[in-house]
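> Test case, fold it:
(one chain, ligands or ions: 1)
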Amino acid sequence: MPKPAARARALLPALVVLPVGLASCGEQSTPAASIGSAERTVLLAEGRSLYMAHCMMCHQAQGEGVPGMQPPLVGVASVTGDPGRLIELTLRGIGRERGQLPPTGPWRQEMLGFDHLSDKEIAAVLTYIRQSWGNNAPAISQEQVFDARQGR
Ligand code: HEC
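You can find the predicted model right below:
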């Protein structure tokens, strides 16, 4: 497997065309889409490197997951649906420890919470998974993550 940096370079062109594609899909109506496309490109690039550092080892490079161990992140409602629940599960994790959300599926692995990442980092990585591999859900803003943390 190539080094992460080499993989990131190889995939960068695909990432750069993504915002253009999304802009033509009626995404402008969402609050997050009010950010400029250059800003969005930066957000997605940051989200991608955070994903590679924190999530990829379990959910895999294309979000395909590992059968029986970790769920896929492609075409699942918890990724593309309610932002509040997605943010909460990412901050708290899923498992049997105090503070984690209870497990939902037949997965033998557990997921630690990512409370230690900043609001901006959580927003970037979640925007990345919501807009990659065929997922096409509105971006998540830093403010939404801030609000979710206050509500806990
Ligand atoms: C140690 C492995 C591991 C890591 C690292 C990990 N996860 Fe998970 N993740 C899991 C497992 C296992 C589940 C399913 C838990 C359950 O429902 O019982 C899960 C569930 C999820 C779900 C819900 C999927 C569904 O089907 O409902 C999302 C969304 C998610 N993870 C996102 C992330 C993001 C974003 C990161 C990185 C910031 C991440 N995960 C890092 C193991 C991991």
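> Could you give the number of residues near residue 89?
By the measure other Cβ atoms under 10 Å, the count of residues near residue 89 is 18. Where C-beta positions appear, they are placed from N, C-alpha and C, glycine not excepted.
> my bad, residue 106
Other residues within reach of residue 106, judged by other Cβ under 10 Å, total 9.
> so what's it closest to, chain neighbours aside?
Nearest residue to residue 106 in three dimensions, chain neighbours excluded: residue 68, at 6.9 Å (Cβ to Cβ, 6 or more residues apart in numbering).
> show me what contacts that neighbour?
The neighbourhood of residue 68, defined by Cβ atoms under 8 Å, 6 or more residues apart in numbering, consists of 106-108.
> And the most centrally placed residue in the chain, how far from residue 88?
What sits nearest the mean C-alpha location of the chain, by Cα atoms, centre = their mean, is residue 126, with 2.6 Å. For residue 126, the distance to residue 88 (Cβ to Cβ, to the nearest Å) stands at 11 Å.
> likewise residue 138?
17 Å.
> Now the residue of the chain most remote from its centre. Its backbone dihedrals?
Note on the chain: the largest C-alpha distance from the chain mean falls to residue 98, namely 23.4 Å (Cα atoms, centre = their mean). With angles defined as degrees, to the nearest 10, residue 98 sits at phi -60, psi 140.
> I'd like the numbering to begin with 56 instead of 1 from here.
Got it, first residue is 56 now, which makes that one residue 153.
> circling back to that earlier point, next, count neighbours for the closest residue to the residue nearest to the centre of the chain other than its chain neighbours.
Nearest residue to residue 181 in three dimensions, chain neighbours excluded: residue 195, at 4.4 Å (Cβ to Cβ, 6+ apart). A count of nearby residues for residue 195, using other Cβ under 10 Å, gives 28.
> who touches residue 195 in this structure?
Residue 195 neighbours (Cβ under 8 Å, 6+ apart): 87, 138, 141-142, 177-178, 181-182, 185.
> picking up where we left off before, let me see the contact set for the residue nearest to the centre of the chain.
Per Cβ under 8 Å, 6+ apart, neighbours of residue 181: 102, 138, 141-142, 145, 195, 200.
> Repeat that for residue 124.
By Cβ under 8 Å, 6+ apart, the contact set of residue 124 is 113, 162-164.
> Which strand or helix spans the residue nearest to residue 170 when sequence neighbours are not counted?
Counting by Cβ to Cβ, 6+ apart, residue 170 lies nearest to residue 146, which is 5.1 Å off, once chain neighbours are set aside. Take DSSP states H and E as the rule and residue 146 turns out to sit in helix 138-147.
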